[in-house]
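Enquirer: what would the 3D arrangement of this be:
(one chain, ligands or ions: 2)
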Amino acid sequence: MKATPLRKYAIVVAGIAVAFGFFVAMSVAPTGVQAQTTIIAVPDVAPLPPAPFTDARIVNIGRQMYFDKLLAADGQQGCKLCHDPKLGWAHDKQISPGYPGTMHFRNSQSTINTAFRDGGYLGQTGLWGGLSAAIQYKWSSAYFLARDGRLVVQVWRAFPGYMNMWKEVYGHMPSFPTMRDSLVEFTKTIVSKDVPMDAFIQGNDEAMSAMAKNGLNLFKGKARCILCHNGALLSNEKFHNLMVPKNPIVDIDPLMQVARRFEFRNLATPGNDVWCRGNVPDLVDYQPQPCSQGREPMFDMGHMTVTKDWDDLHKFKTAMLRDVSRTPPYGHNGMMGSSLEEVVEFYNKGGGAMWQPTHVHFAKMVKDPQIKPLGLTTGERADLVAFLDEGLTGSEFVVETVIAFPPPQPRPVQSSLMYETNWTHLKSDKYGKGEAIDTLHGHK
Ligand code: HEC
Ligand code: HEC
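Expert: Ligands and ions are numbered 1, 2, ... in the order given. Below you'll find the model as predicted:
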């Protein structure tokens with residue numbers, strides 16, 4: 001784009017504004033024909049606030065639970081299935097796994113710094129909002145941990161280890177709300193520490209290399225990242241459509257489609273009944289037809305699944321970026337890139353391509369006008385990556401080991417007479433199924 005006098009003026013204003021801790025950006029109409037200038041003030045980057053207050057005793061319980069495989073219905077998985085500390089508290093596949101026999105249809109988001117988030121990843125508010133609701137949903141949903149919230153309470157009560165923890169901390173037996181709150185309290189401690197950028201903006205000039213420092217300047221200037229990745233979280237917590245490409249695997253894998261349909265139907269997303277695929281598995285085949293008979297919604301409608309507002313179509317929440325080097329692949333479906341170099345290239349090209357052909361229902365499918373080609377040189381791209389990687393990666397996460405609780409013991413039989421009596425009545429002809437029950441329980 002040619003530097004018009006207006007543009008030069010905007011850059012000068014930006015220069016002055018940076019001194020005041022604000023960045024001023026010039027945005028050009030998407031057509032780019034006429035340089036239509038608006039000055040947008042966005043907050044500067046800021047250090048991460050102190051970790052939220054947590055009660056150490058409750059965190060202990062939560063940690064024990066987070067890694068306990070009994071969290072899942074089959075007693076074989078915990079949150080770690082999709083949020084593994086060794087994988088940046090996320091997962092290294094484009095699409096998250098699901099409970100055995102299911103798959104998710106999105107990338108597993110890291111739980112790092114989610115404590116600071118207001119509302120959910122897709123902007124759920126109210127009943128849907130906040131860590132507590134997100135975790136409750138994860139825990140009991142069929143394609144996450146599939147755990148019946150009533151049953152799991154009884155499982156916990158079978159363990160003297162948990163019973164003691166609860167008695168000491170909560171003063172009563174495990175209950176569903178206290179179990180969920182303990183998980184939340186632990187999740188709140190998964191917070192970035194010693195991030196070089198934070199030290200740098202607080203005055204430690206040594207904290208970042210020359211490359212990363214230049215990367216930060218680009219981040220706030222030419223590369224325009226700060227338009228959305230700003231403030232203390234490096235996220236404006238708003239929703240944007242970057243035209244991240246569809247992940248073709250989601251349209252092929254039946255289990256991923258099952259999860260997607262399940263979620264969209266649960267949320268009563270209107271598009272679910274508008275954009276469905278007929279028989280030709282091809283983008284050309286967008287048809288406004290009902291999603292019955294196994295037809296699939298064609299793409300992830302993003303924030304719109306929550307708001308039902310067509311203007312939110314295919315918008316996703318701006319990602320927080322501290323410790324982002326730990327969590328490839330990137331984007332809601334892993335399609336922004338498998339490395340930070342690829343993500344920078346994605347933005348350098350001006351985001352993803354618009355999908356073709358344009359169907360009448362795509363009228364609301366608009367790429368965010370703030371996303372456009374950046375013209376970064378090879379050196380500038382390397383500097384930006386250095387900032388995202390070295391500048392934003394904090395110290396290692398140390399996870400204290402959890403205790404292995406002894407398994408619950410069978411309760412002692414109180415009276416052999418009672419035992420016999422119980423079984424005798426089941427064995428009587430009157431019930432007629434003594435044999436079957438005997439075999440089932442292994443009592444011969
Ligand atoms: C089967 C995979 C899977 C399991 C198991 C799982 N998660 Fe998640 N989690 C995800 C995915 C995928 C996302 C992001 C996409 C979404 O929410 O649809 C996510 C998002 C989150 C978020 C961010 C929420 C938000 O809305 O910002 C938190 C916090 C979280 N999970 C915590 C947990 C905890 C705690 C557990 C264990 C009780 C857990 N998760 C179990 C896959 C999983
Ligand atoms: C118009 C707003 C906007 C601008 C400008 C922007 N981003 Fe983003 N960024 C987002 C959104 C929204 C997402 C989440 C996209 C998704 O999940 O599909 C995201 C995701 C990312 C991710 C992936 C994080 C993850 O964990 O998956 C990285 C890395 C990133 N941005 C870096 C940058 C950099 C570097 C720049 C500047 C070159 C930039 N962004 C400019 C809005 C923006």
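Enquirer: where does the protein dip in pLDDT?
Expert: Filtered on pLDDT under 70, the chain yields the residue ranges 1-39, 119-129, 270-298, 356-363, 411-444.
Enquirer: hmm, try it at 50
Expert: For the chain, the stretches with pLDDT under 50 are 1-35, 126-128, 272-274, 277-294, 357-358, 360, 418-444.
Enquirer: am I right that A212 is in contact with F387?
Expert: Yes: applying CB atoms under 8 Å, one finds A212 in contact with F387, separated by 4.6 Å. (C-beta placed from N, C-alpha, C; glycine too.)
Enquirer: of these two, who's got more company?
Expert: F387 (29 against 24; other CB atoms under 10 Å).
Enquirer: mind checking how far stretch 175-187 is from the chain centre?
Expert: Between the centre of stretch 175-187 and the centre of its chain there are 19 Å (CA atoms, centre = their mean, to the nearest Å).
Enquirer: buried stuff in it?
Expert: 178-187 (16 or more other CB atoms under 10 Å).
Enquirer: quickly check: that stretch near ligand 1 or not.
Expert: Yes: using CB under 6 Å from any ligand atom, stretch 175-187 reaches ligand 1 at 183, 187.
Enquirer: who touches that stretch?
Expert: Residues from elsewhere that reach stretch 175-187 (CB atoms under 8 Å, 6 or more residues apart in numbering): 54-55, 58-59, 61-63, 65-66, 79, 111, 114-115, 131-132, 135-136, 139, 149-150, 152-153, 156, 166, 170, 172.
Enquirer: in three-state terms, label the residue positioned nearest the centre of the chain for me.
Expert: What sits nearest the mean C-alpha location of the chain, by CA atoms, centre = their mean, is Q109, with 2.8 Å. Assigned with DSSP: H, G, I helix; E, B strand; the rest coil, Q109 falls in the coil class.
Enquirer: quick check: it touching H91?
Expert: No: counting by CB under 8 Å, Q109 stays clear of H91, with 9.4 Å between them.
Enquirer: who touches both of A212 and F387?
Expert: With CB under 8 Å, 6+ apart, A212 and F387 have common neighbours M197.
Enquirer: which bits of the stretch 151-300 of the chain sit near ligand 2?
Expert: Counting by CB under 6 Å from any ligand atom, the residues of the stretch 151-300 of the chain close to ligand 2 are 223-225, 227-229, 240, 242, 244.
Enquirer: for those, which one is nearest P100?
Expert: V244 (28.4 Å; CB to CB).
Enquirer: so who does the closest one touch?
Expert: 316, 331-333, 335-336, 346, 351-352.
Enquirer: cool, L376 as well?
Expert: Listed by CB under 8 Å, 6+ apart, the contact partners of L376 are 218, 222-223, 344, 348, 384.
Enquirer: returning to what we had before: who wins on neighbours among the residues of the stretch 151-300 of the chain next to ligand 2?
Expert: Neighbour counts for those, by other CB under 10 Å, peak at C225, which reaches 24 neighbours.
Enquirer: and it, backbone torsions?
Expert: Taking degrees, to the nearest 10, you get phi -60, psi -30 for the backbone angles of C225.
Enquirer: the closest residue in space to it that isn't next to it in sequence: which element?
Expert: Closest residue to C225 apart from its sequence neighbours, by CB to CB, 6 or more residues apart in numbering: F219 at 4.5 Å. Element membership of F219, judged by DSSP states H and E, is helix 210-220.
Enquirer: what of I40?
Expert: Assigned by DSSP H and E, I40 falls in strand 38-43.
Enquirer: could you do F200 as well?
Expert: Going by DSSP H and E, F200 is part of helix 196-201.
Enquirer: by contact count, what packs against that helix?
Expert: helix 210-220 (3 or more CB pairs under 8 Å, 6 or more residues apart in numbering; DSSP states H and E).
Enquirer: contacts for the helix it packs on?
Expert: For helix 210-220, contacts defined as CB under 8 Å, 6+ apart pick out 18, 23, 44-45, 196-197, 200, 208, 225-226, 229, 376, 380, 382-388, 390-391.
Enquirer: how far away is L131 from K188?
Expert: 7 Å (CB to CB, to the nearest Å).
Enquirer: show me whatever sits in contact with both of these two.
Expert: Common neighbours of L131 and K188 (CB under 8 Å, 6+ apart) are A115.
Enquirer: ok, and the closest non-adjacent residue to S339?
Expert: Using CB to CB, 6+ apart, the closest residue to S339 is P328 (5.9 Å).
Enquirer: with A212 instead?
Expert: In space, A212 is closest to G391, 3.9 Å off (CB to CB, 6+ apart).
Enquirer: please see if stretch 347-355 touches ligand 2.
Expert: Yes: residues of stretch 347-355 are located near ligand 2 by CB under 6 Å from any ligand atom, namely Y347.
Enquirer: need phi/psi at the residue in the stretch 301-444 of the chain positioned nearest to ligand 1.
Expert: Closest to ligand 1 within the stretch 301-444 of the chain is H332: 7.3 Å, counting by CB to the nearest ligand atom. The phi/psi pair for H332 (degrees, to the nearest 10) reads phi -60, psi -20.
Enquirer: pretty sure it sits against N107.
Expert: Yes: between H332 and N107 there is a contact under CB under 8 Å: 5.8 Å.
Enquirer: the more surrounded of these two?
Expert: N107 (24 against 21).
Enquirer: excluding residues flanking it in the chain, which one is nearest the more buried one?
Expert: Nearest one to N107, counting by CB to CB, 6+ apart, is G334 at 4.7 Å.
Enquirer: in contact with that neighbour, which residues?
Expert: Per CB under 8 Å, 6+ apart, neighbours of G334: 93-95, 107, 247.
Enquirer: using the three-state scheme, assign it.
Expert: G334 is classified as coil under three-state DSSP.
Enquirer: likewise F316?
Expert: Going by three-state DSSP: F316 is strand.
Enquirer: quick check: it vs ligand 2, distance?
Expert: 4 Å (CB to the nearest ligand atom, to the nearest Å).
Enquirer: contact residues of the stretch 51-200 of the chain facing ligand 1?
Expert: Residues of the stretch 51-200 of the chain lying near ligand 1 (CB under 6 Å from any ligand atom): 71, 79, 81-83, 96-98, 104, 106, 108-109, 111, 114, 117, 120-121, 131, 134-135, 138-139, 144-145, 183, 187.
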